[in-house]
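Undergrad: Quick one: sequence and predicted model below, then my questions.
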Amino acid sequence: MKSPTKVLPYLLAFLITGCQSPRVAKPPADYYYLNPNKRLTTVGRVAIVELENDSSYPQMSADVTGSLFRALQKRQVFGLTVVGRDDPSWRSLQLEVDTAYGLDQILAIHETIKCDAILLGTITEFRPYPHMTVGLRLKLLDVRDGQLLWALEQVWDGADKATEQRAKSHFMAPKGSGVAPLQEQLATVSPLEFIRFVSYEVAATL
């Protein structure tokens, strides 16, 4: 069972009208909020909107969004689809990612995107050197009733010993003979491998 810990201040920005009192747990990887009064198994289809990107690497939007999609798909919690930020249906809504939505806007998302929930977020940080660093701010909104289902904000720093050890442990897990040693070496230097590790840890919170 996850042990409760304090809610980080930045998670408060995720709360919108209708959300229940938050309870936060701290897994080995990060801080996140999971609504204790909502069951994710009742969510049939989630649309992942291509992440906003505050880093200096434009390609990271597609890379991280795709990696998150694959990691969440493996969890098999709900159905998934990816919506590009340039998708006409999304652009027609004229919504900003890092803002609270009113009920009318949430219902418009539900009707336009044809989903039960929507995953929005921003790549707050990405640096490939001097060591891999990835920062994410994410939230999952139930567009049927406007409640916050889940939220996360975290920075994964390859120079952090705890992060490095978790990455090595992740890539050393059995995945076929001869693969793990190479993946272990790449874990803290290859952007794609590090992003895959980050996505795994994000998905593990759901």
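TA: Structure received. Being a predicted model, the structure only gives us computed values, none of them experimental.

Undergrad: rest of the way, CA atoms for contacts and neighbours
TA: OK.

Undergrad: wait, doesn't residue 113 sit right on residue 89?
TA: Yes: contact criterion CA atoms under 8 Å: residue 113 and residue 89 qualify, at 6.8 Å.

Undergrad: Compare the two (neighbour count), which wins?
TA: Shown here are residue 113 and residue 89; by other CA atoms under 10 Å, residue 113 has more neighbours (18 against 14).

Undergrad: Enumerate every residue touching the more buried one.
TA: 47, 89-90 (CA atoms under 8 Å, 6 or more residues apart in numbering).

Undergrad: Please apply the same query to residue 103.
TA: 145-146.

Undergrad: Residue 89 is in what secondary structure piece?
TA: Assessed by DSSP states H and E, residue 89 sits inside helix 88-91.

Undergrad: Which SSE is immediately downstream of the helix or strand of the chain with the lowest mean pLDDT?
TA: Across the helices and strands of the chain, mean pLDDT, DSSP states H and E gives its lowest value to strand 24-25, namely a mean of 34. As assigned by DSSP H and E, the chain's next helix or strand after strand 24-25 is strand 32-34.

Undergrad: What residues sit buried inside that next one?
TA: Using 16 or more other CA atoms under 10 Å as the test for burial, strand 32-34 gives 32-34.

Undergrad: which of these lies closest to residue 135?
TA: The shortest gap between residue 135 and any of those belongs to residue 32, at 13.5 Å (CA to CA).

Undergrad: The nearest residue to the closest one once chain neighbours are set aside bridge partners, please.
TA: Nearest residue to residue 32, sequence neighbours excluded (CA to CA, 6 or more residues apart in numbering): residue 152, at 4.3 Å. Counting by DSSP bridges, residue 152 is bridged to residue 32, residue 138.
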